[in-house]
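> Could you work out the structure for the sequence below:
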Amino acid sequence: MAQPADNMDQKVLRYETFISDVLKKDLERVLEQRDGVYEKISQYLQLKNTIESLQESGSKQLKTDVDLGCNFYVQAHVEDSARIFVAVGYGFFVEMSHAEALRFIDKKTSQLTAFTELLTKDSAKIKANIRMVLEGLRELQGLTDLPDSKRREDL
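Numbering: from 1, shown residues only. All right, here's what the predicted structure looks like:
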């Protein structure tokens, strides 16, 4: 009689290990990747605001702080800011006019936004898989289902 209980305990342990070792790590990886994409979108929108403020001011000269690394900043003076270098990906920078940069930023942010939506859908699928495995564990252990009112309070 002890073998069926041991077998069930092993199954429960395998499912719990699968949740913690595979599904939760996949979810964490997808959410970190999505946060990184949101950071890129933020940087592009910050650049867009800077370009628009340069266009509104009409000044060609620019005074700014440049990060040399490790949060070590140096003050820089740009004589002609009509053309700027924009990071296009994979470590490449392209020299663009303000109008070209704004068009590029709009396209790039729309692509990145679509990618974040895909990552959000992936995270929802992983969360659903976690929920499904947890429900399987509940059934395997013979636990009763919580009432809907109690479940909503926990969430």
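
> Tell me where this protein is predicted with low confidence.
Scanning the chain for pLDDT under 70 picks out 1-5, 144-155.

> For the protein, which segments count as helices?
2-18, 24-57, 98-141, 148-154 (DSSP state H).

> Turn those into a markdown table, columns for mean neighbour count and distance to Val74.
For glycine as for every other residue, the C-beta is placed from the backbone atoms N, C-alpha and C. Compiled in a markdown table, the helices of the chain are given as follows (neighbours: other C-beta atoms under 10 Å; distance: least, C-beta to C-beta, whole Å):
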| stretch | mean neighbour count | distance to Val74 |
| --- | --- | --- |
| helix 2-18 | 11 | 51 |
| helix 24-57 | 14 | 18 |
| helix 98-141 | 14 | 23 |
| helix 148-154 | 8 | 52 |
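
> Among those helices, which comes closest to Ala87?
Of all these, it is helix 24-57 that lies closest to Ala87, at 8.3 Å by C-beta to C-beta.

> helices or strands up against that closest one?
Here helix 24-57 touches helix 98-141, going by 3 or more C-beta pairs under 8 Å, 6 or more residues apart in numbering; DSSP states H and E.
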